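Student: one predicted model, sequence on top.
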Amino acid sequence: MVPPSPAVSPDTLRELAFDQSIRWSSQNDDIWQLIDEELWDLTHNPSLVLSTVPDSTLDRLLARPDFRLRVEAMAAAQQERFAQPSWFAGHQDGGVLTRVAYFCMEYMLSEALPIYSGGLGNVAGDQLKAASDLGVPVTAVGMLWQHGYFRQGIGPDGRQQELYPVNDTRQMPIEPLHDVDGNPLRLAIRLPGVMIWLRGWQARVGRARLLLLDSNDPANPPAARLITSELYGGDNEMRLRQELVLGIGGWRLLEAVGLAPEVLHLNDGHAAFAVLERARSYMVGHGVPFAVALSATRAGNLFTTHTPVEAGFDRFPATLVGKYLEHYAEHELGISLQALLALGRKDPGDPHEPFNMAYLATRCAGALNAVSQLHGRTSRHIFHELFPRWPIAAVPVGHVTNGVHVPTWLSANAEAHWYELHGSAIPWRGAEDVSVDGLLARVDDRWLWQIRQHARRELLAFVRGHLARSLAVHGASPVALEAAGAQLHPGRLTLGFARRFAAYKRPNLLLHDPERLVRILTHPQHPVQLVLAGKAHPRDHAGQALLGEWQRFLARPEVAGRVVFLEDYDMRLARHLVEGVDVWLNTPRRPWEASGTSGMKVLANGGLNVSQLDGWWAEAYAADLGWAIGDGLEHGLEHDAVDAEQLYRLLEEEIAPSFYQRDADGIPAAWVQRMRRSMSALVERFSADRTVREYTESYYLPAARTYRERRANGSALAYELAHRVAALGRHWHELAFQRVELHKQDAGYRVEVELRLGGVHAEQIRVQLFAEARAELPAVAYDLRASGPAGQALLFTGQISGERAAADFTARVVPSDNHGLRVPLELPLICWEH
């Protein structure tokens, strides 16, 4: 049943302006253009437009029937969307999960809320929107950055300039938070020698909410007010303060607004202190010690790692952690500072080892996942040192490959074409009655090629305007402004490359042989144009040098009109790029791209990918979907020349010729066929909807169920498991193998193992015979059963397959996983025969 249309008022406009789930485009942004067309075109910030327009102007517009009906229709459509049954509401196991708390340092939701840097915020924002679409009950927690990430300018000398405009809360789509009694929300959190105040804000994202912490309270000393000043800015101590506010303050913020999530999802390790605050809150609420509280709450904690190298984890000196957390550990958690530090160390006994936030998150989580299949394999090596002597394959790191929120990154024209095929159906949401492949089977090549042609023209129009504005800011002449981007051609193959300028991303791989690149760009039959964008971190001097190399190349007269650099890469610029380019280029050094999502954004717009076989592309690539760089192996710096040569050859011999090879109707049939295959195979597979469904079914629901089990009956199971973990830790060294024998029989082997238990109980362990993977045979572990005493030992016996030689097998002991103990994540003990 369609709900009645809401009455239209300025509040209706505010509801629309503040909802971050709405994608404003040429299909629906006419209401903001009518209010202030110039401001809207410059900012795409509806809350800013509303905050600057006089009430009399709004009243006059709302008195116009055409405007009022347009606003009414939008509000009714949004209300109807939320009234529809969601995917999660119909899930058979949904009742076990009432709330997920999703913590992240940054969120990319829209141009109106600039509290993001790049990839991590992109993932968080897209997953929050997908959770809203699917009805998964997620509440996100983050920081309200006063300056966000820096804004970029390029000076006359080609060097990057960092600019820090202030985010004005009066012009952003956020609202002050109130506590359960309706009072403005302010939280207190202790820092050394001072209590600071945190204000709470919220942004609405459809069915979901993003709660934001703000230390810029007038009651705070200046140093405390600056904690939420700058994303990824400041020194190591400032970063620790930020992570304390996000983790400890974030969990308190949830409780202050009356939320009690079953699941805590840490999107990267920045917010790992939330696991300690969650345990502290459980201690207070249930009257249990820290070990029991952690046993209960960790079952509901999920840690998603985004780092492909161990050096990327946040680390803090032990003395600095002690300065900020000694009182918290001893007086609020009831443990020693050394016990807290042990949670963040590989070797708890090493006083010189720094405190690692990823280790803290892992040691307090019930599950750990990477963000692509390859990243999962890489992460098992990175985290192996927390699970010493366990096989690499047994290191408990799963993976959920990232995806993008397709409606956010889909061009208005492409969206109109999709809707033309199937009304309001959303094929990337996995509906049973519709698929991208099925929809594309209904259309011919001309239909698809028109999408590409239109998108390229729109991109180049945006590029010209962006270049002209940038030049005007730098004082260029009217002639230069008129000429900005004029030589870009709408019929030319257009490549896009936009990312953070960092050495491992190899943004200058195309510049390995500049003269060859010039020849590719200016080829008489197969010309190419390249649109570039990206920032280097202010402290990354190597990245800034790479950016400077491109600026010098751009100054060459022979590439004028063939290569452009768009300064101040942000969400709006990214959206235009992924909508309009024909090919997205990605050149990271494998395996340093944990996932990457930029290339996913071009898919529904008909763009193709040429990328290193890393991150998501390592599992997505097939020869008929796009092009690959590399051989699928890891190499050192010396291999860059090989990858550059491969990239040049692909552009010269495959990509450009395929684009310009036209049939009698002027359509590049082979190119369009590759578009068709790419869209059919990849759009749904790499959507954030698929990602959030996978998180829900593989992690959120099991975590909620296990947390409820451990919490039940006065935390009885949490007590039992905490006791078992402590007891095994005390007595594990007493285990000793006395005898291991394999007797050949017709069908395999009879196994006998004599094991001295010491203070360990037989029901607490599993005795196994293990063989590593070899040739075509997978790794295998056979459980043995206790058969009775053997002197001072206990005899374990079993029958195993004979398909492997006896020498392949080794006896081992691992903790039992009965009653839901997660081994080895919660207890990484293992004892080998030798």
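Tutor: Great, that's in hand. Residues are numbered from 1 along each chain as shown.

Student: which element follows the biggest helix by length in the chain toward the C-terminus?
Tutor: Across the chain, the helix with the greatest residue count (assigned by DSSP state H) is helix 701-731. The helix or strand immediately downstream of helix 701-731 is strand 736-745, counting by DSSP states H and E.

Student: before we move on, the earlier item: mind listing what's buried in the longest helix of the chain?
Tutor: Taking 16 or more other Cβ atoms under 10 Å as the neighbour-count basis, helix 701-731 is seen to contain the buried residues 701-707, 709-711, 715, 717-719, 721-722, 724-725, 728. In this view, the C-beta of every residue, glycine as well, is placed from N, C-alpha and C.

Student: kindly report the same for stretch 86-95.
Tutor: Neighbour counts over stretch 86-95 (16+ other Cβ under 10 Å) mark Ser86, Trp87, Phe88, His91, Gly94 as buried.

Student: so the second one, which of the three states?
Tutor: Per DSSP: H, G, I helix; E, B strand; the rest coil, the local secondary structure of Trp87 is coil.

Student: which strands and helices sit next to the longest helix of the chain?
Tutor: Helix 701-731 makes packing contacts with strand 263-267, helix 273-286, helix 290-297 when contacts are defined by 3 or more Cβ pairs under 8 Å, 6 or more residues apart in numbering; DSSP states H and E.

Student: list the buried residues in the helix or strand that contains Lys323.
Tutor: Element membership of Lys323 [criterion: DSSP H and E] is helix 318-327. Within helix 318-327, the residues that qualify as buried are Ala318, Val321, Gly322, Lys323, Tyr324, Leu325, Glu326, counting by 16+ other Cβ under 10 Å.

Student: the third one touches Leu337, doesn't it?
Tutor: Yes - counting by Cβ atoms under 8 Å, Leu337 is a contact partner of Gly322 at 5.4 Å.

Student: still on that earlier bit, return the member of the buried residues of helix 318-327 nearest to Arg685.
Tutor: Looking at these and their distance to Arg685, the nearest is Val321, at 41.5 Å (Cβ to Cβ).

Student: residues in a beta bridge with the nearest residue to that closest one once chain neighbours are set aside, which ones?
Tutor: Nearest-residue entry for Val321: Phe355, 4.6 Å, with adjacent residues in sequence omitted and distances by Cβ to Cβ, 6 or more residues apart in numbering. Here Phe355 sits in beta bridges with Phe316, going by DSSP bridges.

Student: can you tell me how far the residue most central in space within the chain is from Thr304?
Tutor: Centroid-nearest residue in the chain: Val123, 3.4 Å away (criterion: Cα atoms, centre = their mean). As defined by Cβ to Cβ, to the nearest Å, Val123 lies at a distance of 9 Å from Thr304.

Student: quick one: common contacting residues for these two?
Tutor: When Cβ atoms under 8 Å, 6 or more residues apart in numbering defines a contact, the residues bordering Val123 and Thr304 alike are Asn267, Val371.

Student: could you look up the SS state of Arg81?
Tutor: From three-state DSSP, the assignment for Arg81 is helix.

Student: what about it, neighbour count?
Tutor: Look at Arg81: counted by other Cβ atoms under 10 Å, it has 16 neighbours.

Student: give the contact list for it.
Tutor: Per Cβ under 8 Å, 6+ apart, neighbours of Arg81: Gly206.

Student: in terms of pLDDT, where does Asp179 sit?
Tutor: Per-residue confidence (pLDDT) for Asp179: 84.

Student: for the least confident helix or strand in the chain by mean pLDDT, packing partners?
Tutor: The helix or strand of the chain with the lowest confidence, counting by mean pLDDT, DSSP states H and E, is helix 478-483 at a mean of 80. If contacts are counted by 3+ Cβ pairs under 8 Å, 6+ apart, helix 478-483 sits against helix 445-473.

Student: hmm, back to that, next SSE downstream of the least confident helix or strand of the chain?
Tutor: Of the helices and strands lying after helix 478-483 in sequence (DSSP H and E), the nearest is strand 493-498.

Student: can you give me how far that next one is from the chain middle?
Tutor: Remark: strand 493-498 is offset 23 Å from the chain centroid, using Cα atoms, centre = their mean, to the nearest Å.

Student: now for that strand, which elements pack on it?
Tutor: Counting by 3+ Cβ pairs under 8 Å, 6+ apart, the elements that strand 493-498 packs against turn out to be helix 445-473, strand 528-533, helix 571-580, strand 583-586, helix 656-660.

Student: which of those sits closest to Ala274?
Tutor: In terms of Cβ to Cβ, the element of the helices and strands packed on strand 493-498 nearest to Ala274 is helix 571-580, at 26.3 Å.

Student: residues making contact with that closest one?
Tutor: Contacts with helix 571-580, where a contact means Cβ under 8 Å, 6+ apart, come from 44, 108, 110-111, 116, 408-411, 414, 455-456, 458-460, 462-463, 466, 494, 496, 498, 531, 533, 566, 584, 598, 601-602, 605, 607.

Student: how much space separates Gly269 from Ala311?
Tutor: Using Cβ to Cβ, one gets 13 Å for the distance from Gly269 to Ala311.

Student: who has more neighbours, these two?
Tutor: Comparing Gly269 with Ala311 by neighbour count (other Cβ under 10 Å), the higher total belongs to Gly269, at 26 against 7.

Student: and that one, how far is that from Thr307?
Tutor: Here the distance between Gly269 and Thr307 works out to 8 Å (Cβ to Cβ).

Student: shared neighbours, these two?
Tutor: Contacts common to Gly269 and Thr307, judged by Cβ under 8 Å, 6+ apart, are Phe313, Ala358.

Student: tell me where the stretch 151-300 of the chain has helices.
Tutor: Using DSSP state H, counting those that start in this stretch, the helices assigned to the stretch 151-300 of the chain run over residues 222-225, 236-244, 250-256, 273-286, 290-297.

Student: turn those into TSV, including mean pLDDT.
Tutor: Output for the helices of the stretch 151-300 of the chain, formatted as TSV (pLDDT from 0 to 100):
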stretch	mean pLDDT
helix 222-225	94
helix 236-244	97
helix 250-256	97
helix 273-286	98
helix 290-297	98
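
Student: do you know which of these lies nearest His489?
Tutor: Using Cβ to Cβ, those put helix 236-244 closest to His489, at 46.2 Å.

Student: now do that closest one: which elements does it pack against?
Tutor: With contacts defined as 3+ Cβ pairs under 8 Å, 6+ apart, helix 236-244 has these neighbours: strand 186-191, strand 315-316, helix 318-327.

Student: need the ones you listed in JSON lines (columns: mean pLDDT).
Tutor: Formatted as JSON lines, the helices and strands packed on helix 236-244 follow (pLDDT from 0 to 100):
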{"stretch": "strand 186-191", "mean pLDDT": "93"}
{"stretch": "strand 315-316", "mean pLDDT": "97"}
{"stretch": "helix 318-327", "mean pLDDT": "97"}
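
Student: nearest to Arg677, of those?
Tutor: strand 315-316 (44.4 Å).

Student: chain center to that closest one: distance?
Tutor: Mean-position distance between strand 315-316 and its chain equals 22 Å (Cα atoms, centre = their mean).

Student: ok, stretch 643-653 next?
Tutor: The gap between the average C-alpha position of stretch 643-653 and the chain average comes to 30 Å, counting by Cα atoms, centre = their mean.

Student: mind listing what's buried along that stretch?
Tutor: Applying a neighbour-count criterion of 16+ other Cβ under 10 Å, one finds Asp643, Ala644, Gln646, Leu647, Tyr648, Leu650, Leu651, Glu652 buried in stretch 643-653.

Student: average pLDDT for it?
Tutor: The predicted model assigns stretch 643-653 a mean pLDDT of 98.

Student: run through who's touching that stretch.
Tutor: 506, 509-510, 512-513, 516-517, 520, 523, 528, 587, 610, 612, 627, 629-630.

Student: using CSV, write out the CA atom coordinates for it.
Tutor: Listed next in CSV are the C-alpha coordinates belonging to stretch 643-653 (Å, rounded to 0.1, in the frame of the first residue of the first chain):
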residue,chain,number,x,y,z
ASP,A,643,54.7,-4.2,-16.5
ALA,A,644,55.2,-0.9,-18.3
GLU,A,645,56.1,-2.7,-21.5
GLN,A,646,53.0,-4.9,-21.2
LEU,A,647,50.8,-1.9,-20.6
TYR,A,648,52.2,0.0,-23.6
ARG,A,649,51.7,-3.1,-25.8
LEU,A,650,48.1,-3.5,-24.6
LEU,A,651,47.3,0.1,-25.5
GLU,A,652,49.0,0.0,-28.8
GLU,A,653,48.0,-3.5,-30.1
